[in-house]
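Peer 1: how would this look folded up:
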Amino acid sequence: MKIAEIKEMPTNDLVERVEAEVANYNQMVLNHSISPLDNPAQIKQLRRTIARMKTELRQRELNNK
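Peer 2: Predicted coordinates:
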């Protein structure tokens, strides 16, 4: 997910998306520990996407104060 797409999302949707992506990430890591994924780089990509979303949420939180 691109940064521009993240910035366009409403805050409520972004919070829900972060929760869904974190759950997806945890499931992916668990599955990878049991049997290797076809593309383990997906884990790294998902972790970075989550970080981008959390960064945007924090920026919005700081701007609202």
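Peer 1: can you give me the helices in this structure?
Peer 2: All helices of the chain, identified by DSSP state H, fall at 3-8, 11-34, 41-64.
Peer 1: can I get the ones you listed in TSV with mean neighbour count?
Peer 2: Glycine gets a C-beta too; all of them are placed from N, C-alpha and C. Formatted as TSV, the helices of the chain follow (neighbours: other C-beta atoms under 10 Å):
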stretch	mean neighbour count
helix 3-8	11
helix 11-34	12
helix 41-64	13
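Peer 1: JSON lines for these, including mean pLDDT?
Peer 2: Shown next, in JSON lines, are the helices of the chain (pLDDT from 0 to 100):
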{"stretch": "helix 3-8", "mean pLDDT": "94"}
{"stretch": "helix 11-34", "mean pLDDT": "97"}
{"stretch": "helix 41-64", "mean pLDDT": "96"}
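Peer 1: can you tell me how far A20 is from S35?
Peer 2: 23 Å (C-beta to C-beta, to the nearest Å).
Peer 1: chain center to stretch 37-47: distance?
Peer 2: 12 Å (C-alpha atoms, centre = their mean, to the nearest Å).
Peer 1: contacts for that stretch next, please.
Peer 2: For stretch 37-47, the external contacting residues (C-beta atoms under 8 Å, 6 or more residues apart in numbering) are E21, N24, Y25, M28, V29, N31, H32.
Peer 1: dump the residues you listed into a markdown table; add distance to N39 as well.
Peer 2: Compiled in a markdown table, these are given as follows (distance: C-beta to C-beta, whole Å):
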| residue | distance to N39 |
| --- | --- |
| E21 | 17 |
| N24 | 14 |
| Y25 | 14 |
| M28 | 10 |
| V29 | 14 |
| N31 | 12 |
| H32 | 10 |
